[in-house]
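**Student:** Give me a 3D structure for the following:
(3 chains)
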Amino acid sequence: MKYLDEFSNPDLARRLLDQIHAATTRSWAMMEVCGGQTHSIIRHGIDQLLPEGLEMIHGPGCPVCVTPLEIIDKALAIAALDNVIFCSFGDMLRVPGSSQDLFMIKSGGGDVRVVYSPLDALDIARQNPGKEVVFFGIGFETTAPANAMTVYQAKRLGIKNFSMLVSHVLVPPAIAAIMESPTCRVQGFLAAGHVCSVMGTAQYPPLAEKYRVPIVVTGFEPLDILEGIRRTVIQLEEGRHELENAYPRAVPAQGNVPAMAMLQDVFEVTDRTWRGIGMIPASGWKLSGRYAGLDAEQRFDVADIHTTESSICRSGEVLQGLIKPHECAAFGKECTPRKPLGATMVSAEGACAAYYAYRRLDLMEA
Amino acid sequence: MAEVDFGTVRKSVCLHFIPDVQVGEYVIVHVGFAIQRLDEESALETLADFRKLGILQDELGDEVTPASRQAGIDQETGL
Amino acid sequence: MTESTERPGKIDLQGWVCPVPLRDTPSIVMGHGGGGAMSAELIEHLFLPAYGAAATADLGDSAVLSVGGSTLAFSTDSFVVKPMFFPGGSIGDLAVNGTVNDLAMSGATPLFLSTAYILQEGTDLEELVRIAQRVGAAALAAGVRLVTGDTKVVDHGSGDGVYINTAGIGVIAEGVNINAYRAQVGDAVLISGDVGVHGVAVMSCREGLEFGTAVESDTAPLHELVAAMIATGTDLHVLRDPTRGGVSASLNEIARASGVGIELVEQDIPVPETVRDACGMLGLDPLQVANEGKLVAIVPGEAADVVLQAMQAHPLGRSACRIGTCVPDHAGMVVARTGMGGTRVVDLPIGEQLPRIC
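**Tutor:** Residues are numbered from 1 along each chain as shown, chains lettered A, B, ... in the order given. Below is the predicted model:
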């Protein structure tokens, strides 16, 4: 497919790698924020091809992984209700809540459906006027326009039996929180390409300035990732800490203006607890007052949720980049994709799942 | 809503956020919504930049080293 | 939510693949029907112990039995695919070809099939006729006779449309010994054609996932292809039709049963562009997507070319090719070499990637 294959060209990858090797004179640690980037790095073995001193710290860019446990438990409670059709992206189905997951609810008779788009959930609401249809609206800024449009349409069309359980998280506050952490080792960031496709790049220069870290907007194909790393290394070697855009074909500086206008209307900023990390102020979006009528959290009385995390799961430390997945004692033993203790082992973008799929063999033989 | 080609698969996608998109353009699609257009010119430029990397070494090969040594230039510092 | 009801049988859940370790009321989930790790565990840890002394330990697609002086293959399969009619086929075609293929994977010539229907009250009679006609046509094409059957009706609330179970008998020629335990280090891993086709065809008309694609299910009876492969005189070690759980499930089962590792070369695996695009869009691995007219064969390394030639000469094996080798490393695991020089583990699918796919 055009614009994908070209950016996997092994010959050009080799050149980029040579440049990275030539430029690196000391040890540096940089973080790729987005889970999709983590997967690309591990799948293609990019981290194994980098010079000795260069370390990739995997960031909390997996929305499935960081959805607060309380929201998962609320989702489970709503999905278990009679007369509710609960719609979600496939990834969320096996995420462990305090004592169940959505698959369990489905087997217990709950009507849980996997959809590709939130608009599909709206269709289901139209086709089932006698049921309450709820969509699980999680994600970073990339998914937010889709959810915003769906809520906007639901209100405009007067679809009374639809609501959304919203749990959006934002990248810039996460970067700030990571840099504020006393154990932080991150010296540079590969910013999430498609988040910036929506939001533009304006939020990043102040962060680069405040924390004195280079921030390079990076894509997902092997060449994009290598270029992001290359530019970050060069900035670090030259003592610069600026915003650079290494993904200009998909990221205009101003982002997507119509999308941002809709986001402004439908969402408002809120504090959010990131699973495994803790509360990060002003790091999430919830439905704005205008759309409160479509908020599933308000429509369904699901107060009284008591959350319990697995005591041996170290997802939080993985998400903060403090440990690598295989450094967790449960990795590959008590915790596998089939019986995950935490979300990072379930999600397609989770670091633990990536290591399990692509590195298990090397780690076993090591 | 419009039909978008994912290579050999077609799906209905909402184009509301890229109101001026034309047939034949490439877009980035996320959960059924086009969130940004792909700038063809920019893509080609980026690929050209990658191709230019390391080209000097490729073209001159080992001739660079003896030439600079002859001129008494230190490899490391370039002085 | 928990009641102290008396449980009729004791089940030891220690070490089960359970998606929610903390749950206290064990029950069947969709994943148990996926043909992956959970299905296997259900058989190994629930059914076999419960059957006790009456059961044999064979987990092959079909049972190989000595009766009188003959060797028979006997197999059963149930079909719950949704929707019942999809591009390239129907539940009727799957019901016949699925069991014919299970028999063929033991090297048997399929002879007779039974058909048992469980019908939901309210099922449209015209639709049932169309299904039955497909069953008849598929049986004719496969050269098997439909010799016995049954019909049950369940009320509106139970079941969902039409469920079909078929059981089949075939006869295995002397000297043919094909089963999951025979893969050896050095064997070649072959596939008869493109992967992921059936799964994508069904998915393309699944509610909430509709997308336009020209992909049609590959449902087909494979016994004549198998006969051609046997006719080369090669001692075929393993044959398997990768249905639910895809190529990954089949190869993982074989690797485990035979105690060898399997190494695949990703670029050699024939994935049609349409399947690749659809899987890319839905986040699925083509190796875990169902096939209904393909087989994987594990044959002695030196015989690979001869067998491939025979396969390619047959209409159902035109795109047959070699995709890997059995190796002494990582016994029981399937690994693939990726494009950029890395390796990745090709895992048994966990549960239900695509429910009601066959």
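**Student:** spatially speaking, which residue is in the middle of the chain?
**Tutor:** All of this is about chain A. Compute the mean C-alpha point of chain A, and by C-alpha atoms, centre = their mean the closest residue is A:Cys62, 2.6 Å away.
**Student:** Not quite, go with chain C.
**Tutor:** Residue closest to the average C-alpha location in chain C (C-alpha atoms, centre = their mean): C:Thr243, at 2.9 Å.
**Student:** pLDDT value on it, please?
**Tutor:** We have a pLDDT of 93 for C:Thr243.
**Student:** Confirm it sits in a helix?
**Tutor:** No: secondary structure of C:Thr243 (DSSP: H, G, I helix; E, B strand; the rest coil): coil, not part of a helix.
**Student:** ok, it touching C:Thr99?
**Tutor:** No: judged on C-beta atoms under 8 Å, C:Thr243 makes no contact with C:Thr99 at a distance of 11.1 Å. For every residue, glycine as well, the C-beta is placed using N, CA and C.
**Student:** ok so, going back, check contacts around the residue nearest to the centre of chain A.
**Tutor:** A:Cys62 makes contact with A:Gly35, A:Thr38, A:Leu319, A:Ala343, A:Thr344, A:Ser347, A:Glu349, A:Gly350, A:Ala351, according to C-beta atoms under 8 Å, 6 or more residues apart in numbering or on different chains.
**Student:** Distance check, it against C:Thr123.
**Tutor:** Going from A:Cys62 to C:Thr123 by C-beta to C-beta, to the nearest Å gives 44 Å.
**Student:** where does the closest residue to the residue nearest to the centre of chain A other than its chain neighbours fall, phi/psi-wise?
**Tutor:** Leaving aside its sequence neighbours, A:Cys62 sits nearest to A:Gly35 (C-beta to C-beta, 6 or more residues apart in numbering or on different chains; 3.4 Å). Torsion angles at A:Gly35 (phi, psi; degrees, to the nearest 10) stand at phi -60, psi -30.
**Student:** Then A:Glu268?
**Tutor:** phi -140, psi 150.
**Student:** And for it, the neighbour number?
**Tutor:** A:Glu268: 15 surrounding residues under other C-beta atoms under 10 Å in any protein chain shown.
**Student:** Excluding residues flanking it in the chain, which one is nearest it?
**Tutor:** A:Ser288 (4.3 Å).
**Student:** So out of everything in chain B, what residue is nearest chain A?
**Tutor:** When distances are taken as C-beta to the nearest C-beta, chain B reaches nearest to chain A at B:Gly32, 2.8 Å away.
**Student:** can I assume that residue is in contact with A:Met149?
**Tutor:** No: using C-beta under 8 Å, B:Gly32 makes no contact with A:Met149, being 9.5 Å away.
**Student:** Quickly list what's touching both of these two.
**Tutor:** Contacts common to B:Gly32 and A:Met149, judged by C-beta under 8 Å, 6+ apart, are A:Pro118, A:Leu119, B:Cys14.
**Student:** Point out the ones among those that are inside strands.
**Tutor:** Judged by DSSP state E, those include no members of strands.
**Student:** Any of the residues you listed buried? List them.
**Tutor:** Neighbour counting by 16 or more other C-beta atoms under 10 Å in any protein chain shown classes A:Pro118, A:Leu119, B:Cys14 among these as buried.
**Student:** what about stretch C:29-46, distance to the chain center?
**Tutor:** Remark: stretch C:29-46 is offset 14 Å from the chain centroid, using C-alpha atoms, centre = their mean, to the nearest Å.
**Student:** With just CA atoms, put it into PDB.
**Tutor:** The C-alpha trace of stretch C:29-46 is given here as PDB (Å, rounded to 0.1, in the frame of the first residue of the first chain):
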ATOM      1  CA  VAL C  29     -16.900 -18.300  27.700                       C
ATOM      2  CA  MET C  30     -16.700 -17.600  23.900                       C
ATOM      3  CA  GLY C  31     -13.000 -18.300  24.000                       C
ATOM      4  CA  HIS C  32     -13.600 -22.000  24.700                       C
ATOM      5  CA  GLY C  33     -14.900 -22.300  21.200                       C
ATOM      6  CA  GLY C  34     -12.100 -20.600  19.500                       C
ATOM      7  CA  GLY C  35     -10.000 -23.600  18.700                       C
ATOM      8  CA  GLY C  36      -7.000 -22.100  20.600                       C
ATOM      9  CA  ALA C  37      -5.500 -22.600  24.000                       C
ATOM     10  CA  MET C  38      -8.700 -22.400  25.900                       C
ATOM     11  CA  SER C  39     -10.500 -25.000  23.700                       C
ATOM     12  CA  ALA C  40      -7.500 -27.300  24.100                       C
ATOM     13  CA  GLU C  41      -7.700 -27.000  27.900                       C
ATOM     14  CA  LEU C  42     -11.300 -27.700  28.000                       C
ATOM     15  CA  ILE C  43     -10.700 -31.000  26.300                       C
ATOM     16  CA  GLU C  44      -7.600 -31.800  28.300                       C
ATOM     17  CA  HIS C  45      -8.700 -30.700  31.700                       C
ATOM     18  CA  LEU C  46     -12.500 -31.100  31.700                       C
END
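**Student:** Name the residues of it that are buried.
**Tutor:** Quick answer for stretch C:29-46 (16+ other C-beta under 10 Å): C:29-42, C:45-46.
**Student:** which pair in these spans the largest distance?
**Tutor:** Using C-beta to C-beta, the pair of the buried residues of stretch C:29-46 lying farthest apart is C:Met30 and C:His45, separated by 18.1 Å.
**Student:** nearest residue to A:Pro60 other than its sequence neighbours?
**Tutor:** That would be A:Leu319: by C-beta to C-beta, 6+ apart, it lies 4.0 Å from A:Pro60.
**Student:** just checking, what's the longest helix in the chain?
**Tutor:** Chain wasn't specified; assuming chain A. helix A:222-237 (DSSP state H).
**Student:** nope, chain C
**Tutor:** helix C:125-142.
**Student:** Report all helices and strands that that one contacts.
**Tutor:** The elements that helix C:125-142 packs onto, with contact taken as 3 or more C-beta pairs under 8 Å, 6 or more residues apart in numbering or on different chains; DSSP states H and E, are strand C:89-90, helix C:91-104, strand C:108-120, strand C:145-154, strand C:162-172.
**Student:** run the last query once more with 7 Å
**Tutor:** helix C:91-104, strand C:108-120 (3 or more C-beta pairs under 7 Å, 6 or more residues apart in numbering or on different chains; DSSP states H and E).
**Student:** which residues of chain B score low on pLDDT?
**Tutor:** Within chain B, the stretches with pLDDT under 70 are B:55-79.
**Student:** need the contact list for the residue in the stretch 101-250 of chain A positioned nearest to chain B.
**Tutor:** For the stretch 101-250 of chain A, the residue closest to chain B is A:Ser117, as judged by C-beta to the nearest C-beta, at 2.8 Å. The contact partners of A:Ser117, taken as C-beta atoms under 7 Å, 6 or more residues apart in numbering or on different chains, are A:Ala146, B:Val31, B:Gly32.
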